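Student: below is the sequence, then the predicted model.
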Amino acid sequence: MKTLLALFLAAAAAAAGPLFEDARAGVAFPAPDGWTEVPTPPVPDDAEPSDAPLSPVVRFQASRAASDGTLARLDVFLVRAKSLEDAQSAVEDSLEASWSGFKVSERRDLGGARSFSATVDGGKAFGAVLQDGKRFAAIVLVGGEDATDAAVIAATGSWAWSRPDPAAPLRVPPGWKARETQHYRIRYSGDDDFAAEVGRHLEAISAELRRVLPLETPGADRRSLDVRLFANEREFAAYAALNGVHGAEAYFSPAPRELVAHMDERSPARTFHVLYHEATHQYLRDVLGRVTIPIWLDEGLGEYFYPGSFERAGRFSLRENAGRREEARTAVASGKAPGLAKLLGMTRDDLYSLECGYAVGWSVTHFLLTDPRYRGSVPAYLEALRETKDDAKAREKAWTNFTIEQLERDWKKWVVEE
C-alpha cells in the first residue's frame with residue numbers, strides 16, 4: 001500500500017501530512033499537514049441504529065484556529081451503499097440530519113470521485129465520495145467561512161485502497177492502546193490491568209448471554225464487539241456528551257455498536273455490574289440486527305444480568321436482582337405498577353419516566369426466564385422479532401401457550417407472594 005501511495009503523494013504534497021493507514025479498513029491517505037488526530041471521533045446521536053450507512057474511521061482537527069476563530073475538522077467514513085450515487089446520497093442525507101444548516105450548493109466529479117460543496121451554520125463544508133469496486137468511503141471537511149477544500153482534494157488525490165486485513169493489528173488513536181479477546185476488541189486510554197480485567201469479565205458474560213439467549217445464527221460470521229474504555233470519568237463524560245449521552249455511568253451506542261465505559265474509582269465493583277448491563281444491549285443488537293426491541297424487555301434483560309458476579313475460574317454467575325425485586329413488589333402491591341398490556345406497549349420515554357419502570361421490566365423478564373411454565377418464551381420471542389421485525393406479530397408467533405392475562409396473573413402472584 002505504501003508503494004502505491006508514493007505514486008500519488010507528489011500531486012498533493014503541499015497540503016499533505018503524515019500517512020494515515022488503517023490496514024483493517026483497507027484505506028490509506030495523507031493526513032492534513034499540521035493537523036492532529038482526534039482520538040474519539042463522535043457519532044451523531046440520531047444515527048441509524050446498527051445499520052447506519054456511515055462508519056467513522058478517523059477525525060482530524062486543525063491545530064490553529066482560522067481568522068474567524070473556528071477550528072476546521074476532517075472526518076473520514078466508510079460508507080455502506082450499492083453504488084457511488086447511493087453512497088453520495090447516504091453521505092449527504094446523514095450530514096443533513098446531523099449538521100445544522102447543511103445544504104449542498106454544488107456537486108462535481110473529482111477524478112474518479114464525486115465531490116460536493118455545502119453551506120453549514122457558521123461556515124462551509126466540502127466532501128468527496130470514493131469507490132473501489134463495491135467499497136465506498138467519504139472524506140468530509142467542515143470549517144468557518146475561510147475554509148477551503150484543499151485538505152479534501154489532497155486526501156482524495158492520494159487515497160489508496162487495499163484488501164481489508166482482519167488479522168492486522170487493531171489500529172488505535174494517539175495515546176491509546178488496544179487489547180483483543182475472543183469476542184471483543186478493546187480500545188483504552190487508561191490502565192493495562194483494568195483493560196485486561198474488563199476483557200475477562202466481558203468474555204465471561206458473553207458465554208452466559210449465549211447460554212441464556214442462544215440467538216446466534218448458525219454459520220454466521222462472528223464479529224468482534226467494540227469497547228472503548230476511558231482513563232477517568234471526565235474524559236468519558238466529554239466523549240459521551242459528543243454522542244448526546246449525559247449522566248450515564250456507561251452506555252452502548254447502537255450506530256457504531258460500541259460499548260463505552262470508564263473505571264469508577266469510587267466503586268470499582270459497580271463498574272463491572274454496569275458493564276454487564278450494557279454488554280447485554282450490545283449482544284442483543286449484534287445477534288438481532290436492525291430490530292426495535294421493546295424497551296421493557298431491553299432494559300429488563302440488562303437488569304437481569306446486572307447483578308451477576310465474575311468467579312475466579314472465569315465463569316459468570318447469575319444472581320437475582322434483589323433491589324429490583326423489592327421495588328417491583330412494592331410497585332405491584334401499591335397499585336403503582338402498570339398493567340402488563342400497558343407495559344408491553346410502552347415507549348422508551350414512557351418507561352424512563354416511570355419511577356418503577358426498570359424494576360417492573362426486570363420482574364417480568366426475570367419471571368419469563370425462570371418460571372418453568374414460561375421458560376424459553378424470551379428466546380422464542382426474540383427469534384420471532386428478528387424474523388418479523390414487529391412486536392405484536394412476534395408475540396403472536398412465539399407466545400402460543402399462554403395469554404397476556406394469564407401471564408399477568410402468574411407474574412403478579414410471584415412478585416407479591418413468593
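Tutor: Structure's in. What do you need?
Student: what's the distance between the nearest residue to residue 132 once chain neighbours are set aside and residue 29?
Tutor: Leaving aside its chain neighbours, residue 132 sits nearest to residue 161 (4.0 Å; criterion: CB to CB, 6 or more residues apart in numbering). Backbone N, C-alpha and C define where each C-beta goes, glycine included. In this view, residue 161 and residue 29 are 10 Å apart by CB to CB, to the nearest Å.
Student: next: residue 19.
Tutor: 8 Å.
Student: what's the answer for residue 395, then?
Tutor: Residue 395 is 49 Å from residue 29, by CB to CB.
Student: ok, residue 298 - contacts?
Tutor: 281, 284 (CB atoms under 8 Å, 6 or more residues apart in numbering).
Student: wait, is it part of a helix?
Tutor: Yes - according to DSSP: H, G, I helix; E, B strand; the rest coil, residue 298 belongs to a helix.
Student: which one's more surrounded, residue 161 and residue 29?
Tutor: More crowded of residue 161 and residue 29, by other CB atoms under 10 Å: residue 29, with 28 against 18.
Student: before we move on, back to that, assess the claim that the residue nearest to residue 132 and residue 27 are in contact.
Tutor: Yes - with contact defined as CB atoms under 8 Å, residue 161 reaches residue 27; the gap is 6.3 Å.
Student: is residue 70 in a helix, a strand, or coil?
Tutor: coil.
Student: from residue 71, how far off is the nearest residue to residue 69 once chain neighbours are set aside?
Tutor: Closest residue in space to residue 69, ignoring its immediate chain neighbours: residue 144 at 7.3 Å, by CB to CB, 6+ apart. Per CB to CB, residue 144 is found 9 Å from residue 71.
Student: of those two, which one has the most company?
Tutor: The neighbour comparison of residue 144 against residue 71 (other CB under 10 Å) goes to residue 144, with 17 against 14.
Student: ok, that one - contacts?
Tutor: Residue 144 sits in contact with 66, 68-70, 72, 122-124, where contact means CB under 8 Å, 6+ apart.
Student: residues touching the residue nearest to residue 132, list them.
Tutor: Residue 161 neighbours (CB under 8 Å, 6+ apart): 26-27, 132, 135.
Student: helix, strand, or coil at residue 164?
Tutor: Strictly by three-state DSSP, residue 164 counts as coil.
Student: what score does it have for pLDDT?
Tutor: Looking at residue 164, its pLDDT is 89.
Student: number of residues surrounding it?
Tutor: Neighbours of residue 164 using other CB under 10 Å come to 14.
Student: same thing with the one 3 residues further on?
Tutor: By the criterion of other CB under 10 Å, residue 167 has 6 neighbours.
Student: what do you get for residue 328?
Tutor: 27.
Student: now the residue nearest to it when sequence neighbours are not counted: which helix or strand?
Tutor: Sequence neighbours aside, residue 363 is the residue nearest to residue 328 in space, at 3.7 Å (criterion: CB to CB, 6+ apart). Secondary structure assignment for residue 363, by DSSP states H and E: helix 357-370.
Student: just want the angle from the following helix or strand past that helix to helix 357-370.
Tutor: Counting by DSSP H and E, the next helix or strand C-terminal to helix 357-370 is helix 377-388. On the basis of axes from the mean of the first three to the mean of the last three CA atoms, to 10 degrees, helix 377-388 is oriented at 100 degrees to helix 357-370.
Student: name the helices or strands packed onto helix 377-388?
Tutor: Packed against helix 377-388 by the contact rule (3 or more CB pairs under 8 Å, 6 or more residues apart in numbering; DSSP states H and E) you find helix 268-288, helix 295-305, helix 357-370, helix 391-398.
Student: now do the buried residues in the last one.
Tutor: By that I understand helix 391-398. 391, 394-395, 397-398 (16 or more other CB atoms under 10 Å).
Student: can you list the residues that contact it?
Tutor: Contacts for helix 391-398 (CB under 8 Å, 6+ apart): 292, 294, 344, 377, 380-385, 387-388.
Student: could you dump it to CSV, C-alpha only?
Tutor: Output of helix 391-398 as CSV, limited to C-alpha atoms (Å, rounded to 0.1, in the frame of the first residue of the first chain):
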residue,chain,number,x,y,z
ASP,A,391,-43.6,-6.8,18.3
ALA,A,392,-47.2,-7.9,18.0
LYS,A,393,-46.5,-10.4,15.3
ALA,A,394,-43.5,-11.8,17.2
ARG,A,395,-45.6,-12.3,20.4
GLU,A,396,-48.4,-13.9,18.4
LYS,A,397,-45.9,-16.3,16.8
ALA,A,398,-43.9,-17.1,19.9
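Student: report the angle between that helix and helix 295-305.
Tutor: Going by the same axes, to 10 degrees, helix 391-398 makes 60 degrees with helix 295-305.
Student: which SSE is immediately downstream of helix 391-398?
Tutor: Downstream of helix 391-398 (by DSSP H and E), the next one is helix 404-417.
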